[in-house]
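# quick one: sequence plus predicted model below, questions after.
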Amino acid sequence: MNDNISLTFDSSLKKEVLSFFEKDVNEEGIIVEKNNPDQQVLSTDGQEVRIEEFGGIRKGSEVFIKNDLISLMRLSKQ
Amino acid sequence: MGWFDKLKALFNLEINSPLINVNITRNSDNNVRGKEHFFDKEKKRLHINYDELSEEKKKDLAKIFRDKIDSGSEIFEDKTYILLKDLYDYQKSRGEDKKILDFFFPVIPKDDYEALEASLYLRKKFNERVDVRKLKEDIRRRFGDRGNNIANLCTAGYFEKFLIPLYNHSKDDFNKVYEVVISKSAMAIFVHSQMSDYEITQGLGKKIDLSKRYGLDFVHIHGIGERNILTVMRWIEEHKDSLDFFNKEIFEKEGIIIVELLL
């Protein structure tokens, strides 16, 4: 939360936002690279990210944020 | 030009009032139905309606999102942002919860500590009458039954009312019972809405055995919420004869019932 103005999106726009970053969702509901569906994106703790868990993207090399309490609690301490 | 200047240019926006959030939404949002954007002056939020944008504007918006990340910032799902913001605020003002966490930090395993930290936040939200089902499910998913037990025990106050005094009284006793209390929730049964009478009876029998084995002289039956209180009351009534073997106390207050059986 570096900026004074936050940029957010509704849950119903997750797929569209992922497409902004050339990402797709495979048949198992896991977020992958659009151009290389075998390559899954990783969360801050190095795990795969399911579409329903997708909560945002962080600075750097596109670190994907999960929307569960524990992931966000860890993020809030950084 | 920063991401917000680009956004303003894209929609020819002139905003002179304070703004704290830009949210991309859809036609289903009543605020923007049929409009490309709407500025909510009161909430200091700018809503952009994705469904009303031309393909070209959608491409430009995608670039603005990428620019924001490239410039070292973040984008969030709306609900995620609200939870994260609340967690930031909670970190700054944890009050009594901080004392509990400071106490247990050097005493319990790292994962238990993290589950406790999340459970204290859950308890705060529960006390504010927020629906905590998703938070509880998050704890259970990450830490399994052990996390679920920690959340239940924490919400019922066992960490400060039972485990801290036990540790201060005798570290040996604490070490002896901590594992069984956390992994099996030894001295408490938490009645939930899907629990049958048979499950309550079976569960209670197991807890009584466990508590006796580890030298605990009580078992508590907890019910939270009107429905669970009624279940506990009905269960007590139907098992009056067998419960007569125990000295028991019933506490009921503000949507919570606790039945204490002295072993």
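Received the coordinates, thanks.

# check the gap between B:L19 and A:V63 for me.
The gap separating B:L19 from A:V63 is 26 Å, by C-beta to C-beta, to the nearest Å. The way it works is simple: take the backbone N, C-alpha and C, and place the C-beta from them, glycine included.

# for chain A, what helix or strand is lowest in average pLDDT?
Among the helices and strands of chain A, strand A:63-66 carries the lowest confidence by mean pLDDT, DSSP states H and E, at a mean of 92.

# which helices and strands does the helix or strand following that one pack with?
Using DSSP states H and E, the helix or strand that follows strand A:63-66 in sequence is helix A:69-76. Helices and strands touching helix A:69-76, by 3 or more C-beta pairs under 8 Å, 6 or more residues apart in numbering or on different chains; DSSP states H and E, are strand A:63-66, helix B:78-92, helix B:110-127, helix B:133-155.

# 7 Å instead, please
Packed against helix A:69-76 by the contact rule (3 or more C-beta pairs under 7 Å, 6 or more residues apart in numbering or on different chains; DSSP states H and E) you find helix B:78-92, helix B:110-127, helix B:133-155.

# all strands for chain B, in order.
B:21-25, B:37-40, B:45-49, B:75-77, B:188-191, B:218-224, B:247-253, B:256-262 (DSSP state E).

# and chain A, by the same measure?
A:6-9, A:23-25, A:31-33, A:54-58, A:63-66.

# ok, back up a step: who touches the least confident helix or strand of chain A?
Applying C-beta atoms under 7 Å, 6 or more residues apart in numbering or on different chains, the contact partners of strand A:63-66 are A:31, A:41-44, A:49, A:53-58, A:71, A:75, B:80.

# redo that, cut-off 8 Å
A:31, A:41-44, A:47, A:49, A:53-58, A:71-72, A:75, B:74, B:76, B:80 (C-beta atoms under 8 Å, 6 or more residues apart in numbering or on different chains).

# same deal with stretch B:44-51?
Residues contacting stretch B:44-51 (C-beta under 8 Å, 6+ apart): A:13, A:16, B:7, B:11, B:13, B:15, B:17-27, B:29, B:31-33, B:35-40, B:58, B:61.

# do the same with stretch B:22-40
By C-beta under 8 Å, 6+ apart, stretch B:22-40 touches A:5-10, A:12-13, A:17, B:4, B:7, B:11, B:13, B:15, B:17, B:19, B:45-53, B:61, B:78.

# can you flag the buried ones in those?
Neighbour-count burial (16 or more other C-beta atoms under 10 Å in any protein chain shown) applied to the contacts of stretch B:22-40 gives A:5-10, A:13, A:17, B:4, B:7, B:11, B:19, B:45-51, B:53, B:61, B:78.

# the residue in the stretch 151-263 of chain B positioned nearest to chain A: what's it in contact with?
Proximity of the stretch 151-263 of chain B to chain A (C-beta to the nearest C-beta) peaks at B:A151, 10.3 Å away. B:A151 is in contact with B:115, B:118-119, B:122, B:136, B:139-140, counting by C-beta under 8 Å, 6+ apart.

# sweet, I'm off.
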